[in-house]
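Visitor: Turn this into a structure:
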Amino acid sequence: MKRVAIIPAGGTGSRSGYSLPKQFLKINGKEMIIYTLEVFQRSSLVDAIVVAVHHKYIMLMKKLKTKYGITKLKDIVEGGGERQDSVFNALSSLELNSSDLVIVHDAARPLLPLKVLNNAIHSAQKDGNALVCVKASDTLLKSSDKTFEYIDRSEIYYIQTPQIFRFKDLSNGMTLAYKKGLNGTDESSIMYAAGYKIYKAEGSHLNFKVTTADDIKILKQLTKISAK
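Guide: Sure, this is the predicted structure:
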């Protein structure tokens with residue numbers, strides 16, 4: 001069984017206010033996407049990596065691969081207009097057996113613990129797929145101009161990545177999504193809509209998605225601490 005990671009990183013950073021897409025911002029001297037890729041490089045359970053980037057950044061990604069010795073990065077493909085398109089482009093570049101595993105992970109989740117990754121892969125090998133998530137711990141409120149309602153958090157989970165599926169299943173699910181005109185926010189929503197049962201795997205609060213300026217500040221502090 002082969003296990004291939006897809007890292008969608010097709011954003012251009014046009015709305016971030018930075019001169020580069022956030023995945024290429026240097027955090028304590030190293031590009032954010034490299035922190036992400038190094039986790040997969042270290043995992044003995046990952047055979048290869050494919051990254052999808054905007055065509056303007058393909059050469060930069062090639063240089064970073066060489067600079068940091070990301071030897072498992074086997075292909076760099078052009079990203080699409082949406083995350084779903086980037087994942088599909090990378091998926092279409094793969095030649096895998098139907099039961100091989102595809103591991104999709106956000107480029108902007110650079111602190112994925114190796115243990116979480118490996119445990120999710122083991123879970124997917126057993127159950128056929130794995131959705132990494134963490135149980136909600138905050139008090140949850142649903143509110144608008146007319147409503148103010150507290151939500152029972154006992155069955156609420158925050159969905160993260162990686163999200164892992166068999167190659168044939170993910171290919172079928174994404175093809176069906178395009179036929180139906182479904183633009184999923186992640187792979188699990190696409191696969192659920194296609195009728196697949198999804199299995200949860202334990203995540204980590206360290207595995208947060210870097211979205212805001214505050215997230216970048218937190219990442220800088222955490223990577224500074226880990227480097228000591």
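Visitor: and the most far-flung residue of the chain relative to its centre, which of the three is it?
Guide: Distance to the chain centre peaks in the chain at Lys146, reaching 35.6 Å (criterion: CA atoms, centre = their mean). Taking DSSP: H, G, I helix; E, B strand; the rest coil as the rule, one finds Lys146 in the coil state.
Visitor: Which positions in the strand of greatest length in the chain come out as buried?
Guide: Longest strand of the chain, by residue count under DSSP state E: strand 157-166. Using 16 or more other CB atoms under 10 Å as the test for burial, strand 157-166 gives 158-166. Every C-beta, even on glycine, is put in place using the N, C-alpha and C of the backbone.
Visitor: Surely Leu91 is in contact with Asp169?
Guide: No - counting by CB atoms under 8 Å, Leu91 stays clear of Asp169, with 11.2 Å between them.
Visitor: Just the pLDDT at the residue farthest from the centre of the chain, thanks.
Guide: On pLDDT, Lys146 comes in at 88.
Visitor: OK, contacts around it?
Guide: Contacts for Lys146 (CB atoms under 8 Å, 6 or more residues apart in numbering) come out as none.
Visitor: Roughly how far does it sit from Asp152?
Guide: 21 Å (CB to CB, to the nearest Å).
Visitor: Ok, Glu78 next?
Guide: With CB to CB as the criterion, Glu78 and Asp152 are 44 Å apart.
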